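Visitor: Give me coordinates for this.
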Amino acid sequence: MIRARRARIVATLGPASRASERVLELAQAGADVFRLNFSHGVHDDHAAAAKAVREAEVAVQRPLGVLADLQGPKLRLGAFKDGAVLVEPGQALRLDLDPAPGDATRVSAPHPELFAAMRPGSVLLVDDGKVRLQVKAIGPGFADTVVMQGVRLSDRKGVALPGAVIPMSAMTDKDHKDLAFALRIGVDWVALSFVQRAADMADLRRLVQGRAAVLAKIEKPAALDQIEEILDFCDGVMVARGDLGVELEPEEVPVAQKTLLRAARARGVPVIVATQMLESMITSGTPTRAEATDVANATYEGADALMLSAETASGAYPLEAVSMMSRIIARVERDPRWPELMGAERHDAEDDADALVMAARRAAEAASTACLVAFTATGATARRLARERPLQPVVALTPDLKVARRLALVWGLEPRVAKDPRDVDEMTAEAVEVVGQLGLARPGERILILAGVPFGAPGSANLLRFAHAAL
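Guide: Numbers count the residues shown, from 1 in each chain. Next up is the predicted model:
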């Protein structure tokens, strides 16, 4: 089942979509990777959803990825005696560690790490920025603040401290348990929330031990300052625009998105653009024109994947949301201007394998090549080729089903499982056979094959060969 588009779609599963028949419909509509959001639901729900994805994979006859999204720590204020208080600019409000219910003069902030990161003049954002507090003084276990903006504070609203690195782990006890469970059910990707520094991703990679690919959710401005170091430990990144937008000014979010896309693409690291892509489709069968433009712009930028959250997890139109996103992406990719805009990011070769991959892309442009085939043991060769954004279909052949499922997230790749060839002749015959089965080349059309020898050994691509589709 070949999709007529290169950018991929991540669909979040939830009450509206986790049933087996609905997962199959979403896969048939074009979903490539399915997200299990561990901020909601119980383990049994996620296990059933993952099982449904594996069943759908057999039906659609192409690898499907499963992404486990860990919740991460949530900084929240405590409760109020009456459930909420009214506030107004200029009003004083003390935050402290006392768990007693709060009132209009004080409220609990049960996070010592938050106080450790505060400084006089720091601004706290509460309830996604609806209330802003400025720190005036700090003492042992308390901070005196003044209300800058807001009218109402209710129980247990989230709190953020923009521009500060909170001295706490990105993983809670819940996350450790969720990670162990996710790995037991065989997820392909693990996404880590609250990433602030490279050490957060290094810790996750150490815990995962290669059993899944690891992905950093960039939702803290502090991560933007260390993005190059964070990318050293990432197999993928997610531009989590919702949480990122709480701590950044609105006009900074599009710039951050482009910065992240550019940095990740330079590394050949796949990027997911997430949050509020088609949010009106939670309750409506059609998106707003602004939302359609948002999806189109991410496609023009060359994002590897675009994500649907509540649209498919709990919305009234999950199937329509996937279909609409697929239609918008496909339309952009038919635009004659799309290759120039999307392909503007070209990079210099860093080693011989990069040089060979770039040569493959140039050779495909210079001749009537119908498609490219990359033999890959770990997925590295296929990801290098995807980074170059060739306009021809790219088939990634690997003997490892786990690798094929991970590659379902990567721009332009059609991953399939195939045995390791014994020699160049068998490699060529296998590539020609798979391309024929997928209908990607007419008889006699050119196929460009990229591989590494010796076969079966992980390593860099060092062989480029031309073949022709069977007559």
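
Visitor: Give me the sheet partners of the one helix or strand residue 85 maps to and which way each runs.
Guide: Assigned by DSSP states H and E, residue 85 belongs to strand 84-86. Sheet pairing of strand 84-86 (DSSP bridges) gives strand 152-154 (antiparallel).

Visitor: same for whichever helix or strand comes after the partner strand, what does it pack against?
Guide: Later in the chain than strand 152-154, the nearest helix or strand by DSSP H and E is strand 159-160. Applying 3 or more C-beta pairs under 8 Å, 6 or more residues apart in numbering; DSSP states H and E, we find strand 159-160 packed against strand 123-126. From N, CA and C alone the C-beta is placed, and that goes for glycine too.

Visitor: Name the surrounding residues that touch the strand it packs on.
Guide: 77, 95, 118, 131-135, 145, 148, 150, 153, 157-162, 246-247 (C-beta atoms under 8 Å, 6 or more residues apart in numbering).

Visitor: And those residues, which of them are buried?
Guide: 77, 95, 118, 131-133, 135, 145, 150, 153, 157, 159-162, 246-247 (16 or more other C-beta atoms under 10 Å).

Visitor: Just the residues you listed: which are in helices?
Guide: 246, 247 (DSSP state H).

Visitor: ok, and the helix or strand in this protein with the lowest average confidence?
Guide: In the chain, the helix or strand scored least confidently by mean pLDDT, DSSP states H and E is helix 352-366, which has a mean of 81.

Visitor: Tell me the buried residues in that helix?
Guide: 353, 354, 356, 357, 358, 360, 361, 363, 364.

Visitor: From the contact counts, what lies against that helix?
Guide: strand 369-375, helix 380-387, strand 446-451, strand 463-468.

Visitor: Just the CA trace of it, in CSV.
Guide: What follows is helix 352-366 as a C-alpha-only set of coordinates in CSV (Å, rounded to 0.1, in the frame of the first residue of the first chain):
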residue,chain,number,x,y,z
ASP,A,352,32.3,9.0,2.3
ALA,A,353,28.9,7.6,3.0
ASP,A,354,27.3,11.1,2.8
ALA,A,355,29.2,11.7,-0.4
LEU,A,356,27.8,8.5,-1.9
VAL,A,357,24.2,9.3,-0.8
MET,A,358,24.5,12.8,-2.3
ALA,A,359,25.8,11.3,-5.5
ALA,A,360,22.8,8.9,-5.6
ARG,A,361,20.4,11.8,-5.3
ARG,A,362,22.2,13.8,-8.1
ALA,A,363,22.3,10.7,-10.3
ALA,A,364,18.6,10.2,-9.8
GLU,A,365,18.0,13.8,-10.8
ALA,A,366,20.2,13.7,-13.9
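
Visitor: Distance from it to the middle of the chain?
Guide: Centroid displacement of helix 352-366 relative to its chain, using C-alpha atoms, centre = their mean, to the nearest Å, is 27 Å.

Visitor: and the angle from it to helix 380-387?
Guide: Between the axis of helix 352-366 and that of helix 380-387 there is an angle of 50 degrees, by axes from the mean of the first three to the mean of the last three C-alpha atoms, to 10 degrees.
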